[in-house]
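> got a structure for you, letters missing:
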């Protein structure tokens, strides 16, 4: 991604009336000598990205849906009249106004359970994305920037982690960890960083060969200056996009782990655990099975669309949307 | 090429050994194989516990235990299981045999479908067909595999009910007893495989078809494809010989990198369809704190992942003439 901070000029902004021809207009008399033919507005890269993103209709729509789900889970979950552990007198009720998602055989309100599950699953997924992105980016960036033996050592360690199927190792560790949500997040994040480090290394490897890095080196810039002034701002786009999509991947891993019984465990709940608990009820009480799955799909789907929109917004070669 | 392959193979061995070491130490520090015995009521006499401790090599220091395990491995001994009469070596290989049947068929189907859908999507970019494929691609990417597998299992059951005959099996990897010789056995296994294979294949298909679409689009917009058209080659020929061939290359790497995820997916799929494959073997071993069994499982899957990646790298060199291994 070339460094184009503050260099994008908006040439399409407010048109200035044509001043050719009549003779009177050619000499602009008056106090404002700075008036030009084009109004040039300076925009930071962040502004450009946001403008481009806002023009991506699917991504903006997804963001709204995702925010609604998050609000529903965290605010709605706190306000809803039933709690996860509450046992209501209604048993095996189909969805109604009283119980929007129905109830299970014991009388638990499924709506409250799904909201609680969404809270936990989202919490795990976001924490996983943060941990894996933080560790993986630094790991891969250091390897790609310094090359040599450090690169070899760091990437071999990452290879080591990559030789093991993630879900299997997470299940082994999850069995010992005992089911608290943040421990599960640390386990998955502690295994997923290796994938992130590979991507980060690739980005840095291609960036460090770019002319503007070479130029700043020739001008005598220190390593730290190059890293913070040139590498970080330019790699930020791919890092943010990857971290976003990682949230979707993490929610699928966490729910699969909880489904197998090695993730989040009772008394707490997660969307995967809810599917697991109700998998025998598909034909008898389908609402118990469908809603948790539907929430996983909505969350993962919207995050993928948002990631897609962000990728387009961060792409400097993007010509379709000229913000 | 051969030298490169050998060198890669040699580098893989220390990685594999290091990975077994980490897993072994991790397993030994966190799991207690005597758990089940100690939890028994009435508690077993101390003599029994002591004997079991010795049988599982728990009386040896940690490093010595690992070293003995590694030496034993070269003699085909995977170490003692918590089930005293179980030979881990033959058990784990038999279980993986069942699972690899599922994995390879699923990968094959996913690859073929992904290539077809990806190429059509790219050639017909921004048409209704492309949008439909894209929609389903995103949907399957966001779908939890276990949830879809359970739904498919339900659909299989209602299909059987509608037909009035057991066509699709929803439980197990094969029937315990099949009358009618080899052909009947074959169709029985096949009938058990249909639904799990679809469940597993869909997982990779979604990602791979998206990838294939992007890679095909990149090639279609390249200069040499435009040149091939400009010099008067027929469209079909350009598509097949110039575009498709080049666009298939990146998929080999992605396929190899995804093997780990597919093995993980197989664990979940087997759990839904109650197969007695490597997946259930792993989950049972974890529940029983059977450290040597977990070790054997991870060793075999890690070996396969490393070998598969090596093959993909070599294949990459064969397919892409721009890459030369010195």
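Structure's in. What do you need? In this text, all values refer to a predicted model and were calculated from it rather than measured experimentally.
> now the stretch 201-326 of chain B against chain A: closest residue?
Residue nearest to chain A within the stretch 201-326 of chain B: residue B:264 (3.4 Å; C-beta to the nearest C-beta). Where C-beta positions appear, they are placed from N, C-alpha and C, glycine not excepted.
> ok, that residue touching residue A:165?
Yes. Between residue B:264 and residue A:165 there is a contact under C-beta atoms under 8 Å: 4.6 Å.
> excluding chain neighbours, what is closest to residue A:305?
Excluding the flanking residues, the one nearest residue A:305 by C-beta to C-beta, 6 or more residues apart in numbering or on different chains is residue A:62, at 3.8 Å.
> what about the one you found, how many residues close to it?
Close neighbours of residue A:62, defined as other C-beta atoms under 10 Å in any protein chain shown, add up to 21.
> in what helix or strand does it lie?
In the assignment (DSSP states H and E), residue A:62 maps to helix A:57-71.
> could you point out which element follows that helix?
helix A:77-79.
> just checking the distance from the helix holding residue A:62 to the centre of its chain.
Offset of helix A:57-71 from its chain centre (C-alpha atoms, centre = their mean, to the nearest Å): 13 Å.
> now for that helix, which elements pack on it?
helix A:45-54, helix A:286-314 (3 or more C-beta pairs under 8 Å, 6 or more residues apart in numbering or on different chains; DSSP states H and E).
> for that helix, buried residues please.
For helix A:57-71, a neighbour-count test (16 or more other C-beta atoms under 10 Å in any protein chain shown) marks A:59, A:62, A:63, A:65, A:66, A:69, A:70 as buried.
> out of the residues you listed, which is nearest to chain B?
residue A:62 (10.3 Å).
> now for the closest one: which residues touch it?
A:301, A:302, A:303, A:305, A:306, A:309 (C-beta atoms under 8 Å, 6 or more residues apart in numbering or on different chains).
> closest one of those to chain B?
residue A:301 (3.9 Å).
> hmm, residue B:140 and that closest one touching each other?
No. In this structure residue A:301 lies outside contact range of residue B:140 using C-beta under 8 Å: 10.1 Å.
> sorry, back to before: helix or strand for the residue of the stretch 201-326 of chain B closest to chain A, which one?
Applying DSSP H and E as the criterion places residue B:264 in helix B:259-273.
> helices or strands next to that helix in the packing?
Contacts defined by 3+ C-beta pairs under 8 Å, 6+ apart place helix B:259-273 against helix A:166-177, helix A:232-260, helix B:88-123, helix B:145-163, helix B:181-220, helix B:278-287, helix B:291-319.
> angle of the first one against helix A:232-260?
This points to helix A:166-177. Here the directions of helix A:166-177 and helix A:232-260 differ by 70 degrees (axes from the mean of the first three to the mean of the last three C-alpha atoms, to 10 degrees).
> could you give the angle of helix A:166-177 to helix B:259-273?
Using the same axes, to 10 degrees: helix A:166-177 against helix B:259-273 is 60 degrees.
> which other residues reach helix A:166-177?
Residues from elsewhere that reach helix A:166-177 (C-beta under 8 Å, 6+ apart): A:183-184, A:187-188, A:191-192, A:253, A:256-257, A:260, A:262-263, B:23, B:26-27, B:30-31, B:260-261, B:263-265, B:267-268, B:282-283, B:286-287, B:294, B:297-298, B:301.
> quick one, what contacts residue 247?
The chain I'm using is chain A. Contacts of residue A:247 by C-beta under 8 Å, 6+ apart are A:125, A:126, A:128, A:129, A:303.
> the chain in question should be chain B.
Per C-beta under 8 Å, 6+ apart, neighbours of residue B:247: B:119, B:122, B:212, B:215, B:216, B:218, B:219.
> hmm, try it at 6 Å
Taking C-beta atoms under 6 Å, 6 or more residues apart in numbering or on different chains, we find residue B:247 in contact with B:215, B:216, B:219.
> mind showing which ranges of the stretch 1-150 of chain B have poor pLDDT?
Within the stretch 1-150 of chain B, no stretch has pLDDT under 70.
> what parts of it come near chain A?
The stretch 1-150 of chain B has residues B:15, B:18, B:19, B:30, B:138, B:142, B:143, B:144, B:146, B:147, B:150 near chain A, with proximity defined as C-beta under 6 Å from any C-beta of the partner chain.
> and of those, the nearest to residue B:171?
residue B:150 (12.6 Å; C-beta to C-beta).
> which residue lies nearest the spatial centre of the chain?
All of this refers to chain A. residue A:244 (1.4 Å; C-alpha atoms, centre = their mean).
> let's do chain B instead
Nearest to the mean C-alpha position of chain B, by C-alpha atoms, centre = their mean, lies residue B:263 at 2.8 Å.
> show me which residues of the stretch 201-323 of chain A sit near chain B.
The stretch 201-323 of chain A has residues A:252, A:255-256, A:259, A:275, A:279, A:282, A:293, A:296-297, A:300-301, A:304 near chain B, with proximity defined as C-beta under 6 Å from any C-beta.
> what's near enough to touch residue B:17?
Under the criterion of C-beta under 6 Å, 6+ apart, the contact list for residue B:17 is empty.
> residue B:57: neighbour count?
19.
> could you pull up phi and psi at it?
Main-chain torsions, residue B:57, degrees, to the nearest 10: phi 60, psi 20.
> gap between it and residue B:72?
As judged by C-beta to C-beta, to the nearest Å, residue B:57 and residue B:72 stand 10 Å apart.
> just residue A:263 next, same as before
In terms of C-beta to C-beta, residue A:263 sits 33 Å off from residue B:72.
> and what of residue B:285?
Shown here: residue B:285 relative to residue B:72, a distance of 18 Å by C-beta to C-beta.
> ok, these two, which is more surrounded?
Using other C-beta under 10 Å, the more surrounded residue of residue B:285 and residue B:72 is residue B:285, with 24 against 16.
> how much space between the nearest residue to that one once chain neighbours are set aside and residue B:76?
Leaving aside its sequence neighbours, residue B:285 sits nearest to residue B:293 (C-beta to C-beta, 6+ apart; 3.8 Å). Applying C-beta to C-beta, the value for residue B:293 to residue B:76 is 16 Å.
> pick out whichever of those two has more residues nearby.
Neighbours per residue (other C-beta under 10 Å) separate residue B:293 from residue B:76, with residue B:293 holding more: 28 against 9.
> doesn't residue B:81 make contact with the more buried one?
Yes. Look at residue B:293 against residue B:81 with C-beta atoms under 6 Å: they come within range, at 5.4 Å.
> overlap in contacts of the two?
Common contacts of residue B:293 and residue B:81 (C-beta under 6 Å, 6+ apart): residue B:88.
> contacting residues for whichever residue of the stretch 51-200 of chain B sits closest to chain A?
Distance from chain A to each residue of the stretch 51-200 of chain B (C-beta to the nearest C-beta) is smallest for residue B:142, at 3.6 Å. Counting by C-beta under 6 Å, 6+ apart, residue B:142 touches A:297, A:300, A:301.
> show me which of those are buried.
A:297, A:300, A:301.
> thank you kindly, that will do.
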